[in-house]
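Chemist: when you get a sec, could you give me coordinates for this:
(chains A and B)
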Amino acid sequence: EAQVTQNPRYLITVTGKKLTVTCSQNMNHEYMSWYRQDPGLGLRQIYYSMNVEVTDKGDVPEGYKVSRKEKRNFPLILESPSPNQTSLYFCASSPLGQYGYTFGSGTRLTVV
Amino acid sequence: SQQGEEDPQALSIQEGENATMNCSYKTSINNLQWYRQNSGRGLVHLILIRSNEREKHSGRLRVTLDTSKKSSSLLITASRAADTASYFCATDPYSGAGSYQLTFGKGTKLSVIP
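Modeler: Below is the predicted model:
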């Protein structure tokens, strides 16, 4: 089944403890992206990647890192999480060109 | 940056009625897309309409695009309880490079009452 898989689905962590949210897609898509969704603010793009070793900042990149060493994987790294990064995170992928995105099921992160 | 803005923010209708949601945006686009999100779950792509298209259909969905007014509408006909969800428009700003910075509106919350 064609899908974007995010792990974990839920995560509670403490301020300052480094964490990684994984994202993997099995559709051979070139493009991958991370979004966060907050009440009243909608979805905002964090980072995106147009291919292996090619990444760029979205609208809200502060406090996040990404890497794209393989085409299928696009992990999101929070090196020192803070409570304002408590949010619902989504990974998405698509072929390059004018196509819709396939979204993962989301990761609900709480930083205390 | 928030590009699309949906209207209304919330909509409640009876099963069998039609639901219309609108989206306005500010800059030139390559295409506009509509997505559905069931409570707290991942978004599901519904339909993409290119800037040179005026109307598109998919099953019970009808999307229109008016680039002169920078607006789009999503019509769901003969709604069902299962259509209860939030609906988002997303714009792909004109750049010639395709969907790499899709920006989403804040959504319309649709409730279909059985």
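Chemist: residue B:69 and chain A, how far apart?
Modeler: Separation of residue B:69 from chain A (CB to the nearest CB, to the nearest Å) stands at 21 Å. For the C-beta atoms, the positions are set from N, CA and C on the backbone; glycine is no exception.
Chemist: grab the nearest non-local neighbour of that residue.
Modeler: Closest residue to residue B:69 apart from its sequence neighbours, by CB to CB, 6 or more residues apart in numbering or on different chains: residue B:24 at 7.9 Å.
Chemist: ok, the one you found - contacts?
Modeler: Counting by CB atoms under 8 Å, 6 or more residues apart in numbering or on different chains, residue B:24 touches B:4, B:5, B:7, B:69, B:70, B:71.
Chemist: tell me which helix or strand the nearest residue to residue B:53 once chain neighbours are set aside sits in.
Modeler: Computed as CB to CB, 6+ apart, the closest residue to residue B:53 that is not its neighbour in sequence is residue B:65, at 6.2 Å. Residue B:65 belongs to strand B:61-66 when assigned by DSSP states H and E.
Chemist: what's the angle from the next helix or strand after that strand to strand B:61-66?
Modeler: As assigned by DSSP H and E, the chain's next helix or strand after strand B:61-66 is strand B:71-76. With axes from the mean of the first three to the mean of the last three CA atoms, to 10 degrees applied, the angle from strand B:71-76 to strand B:61-66 works out at 170 degrees.
Chemist: against residue A:95, how distant is the spatially most central residue of chain A?
Modeler: Nearest residue to the geometric centre of chain A (CA atoms, centre = their mean): residue A:34, 3.1 Å. Per CB to CB, to the nearest Å, residue A:34 is found 18 Å from residue A:95.
Chemist: residue A:35 against residue A:44, yeah?
Modeler: Yes. Between residue A:35 and residue A:44 there is a contact under CB atoms under 8 Å: 6.4 Å.
Chemist: more crowded one of these two?
Modeler: residue A:35 (27 against 18; other CB atoms under 10 Å in any protein chain shown).
Chemist: which stretches in the chain count as strands?
Modeler: As the question left the chain open, I've gone with chain A. A:4-7, A:10-13, A:19-25, A:31-38, A:42-51, A:54-57, A:65-66, A:76-78, A:87-94, A:102-103, A:107-111 (DSSP state E).
Chemist: um, chain B though
Modeler: B:5-7, B:10-14, B:19-24, B:29-37, B:43-50, B:55-58, B:61-66, B:71-76, B:85-93, B:103-104, B:108-113.
Chemist: with residue A:75 as the reference, name the closest of those.
Modeler: Residue A:75 lies closest to strand B:43-50 among those, at 20.2 Å (CB to CB).
Chemist: partner strands of the closest one, parallel or antiparallel?
Modeler: strand B:29-37 (antiparallel) (DSSP bridges).
Chemist: thinking again about what came up before, in JSON lines: the strands of chain A, plus mean pLDDT.
Modeler: Shown next, in JSON lines, are these (pLDDT from 0 to 100):
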{"stretch": "strand A:4-7", "mean pLDDT": "98"}
{"stretch": "strand A:10-13", "mean pLDDT": "97"}
{"stretch": "strand A:19-25", "mean pLDDT": "98"}
{"stretch": "strand A:31-38", "mean pLDDT": "96"}
{"stretch": "strand A:42-51", "mean pLDDT": "94"}
{"stretch": "strand A:54-57", "mean pLDDT": "94"}
{"stretch": "strand A:65-66", "mean pLDDT": "98"}
{"stretch": "strand A:76-78", "mean pLDDT": "98"}
{"stretch": "strand A:87-94", "mean pLDDT": "97"}
{"stretch": "strand A:102-103", "mean pLDDT": "97"}
{"stretch": "strand A:107-111", "mean pLDDT": "98"}
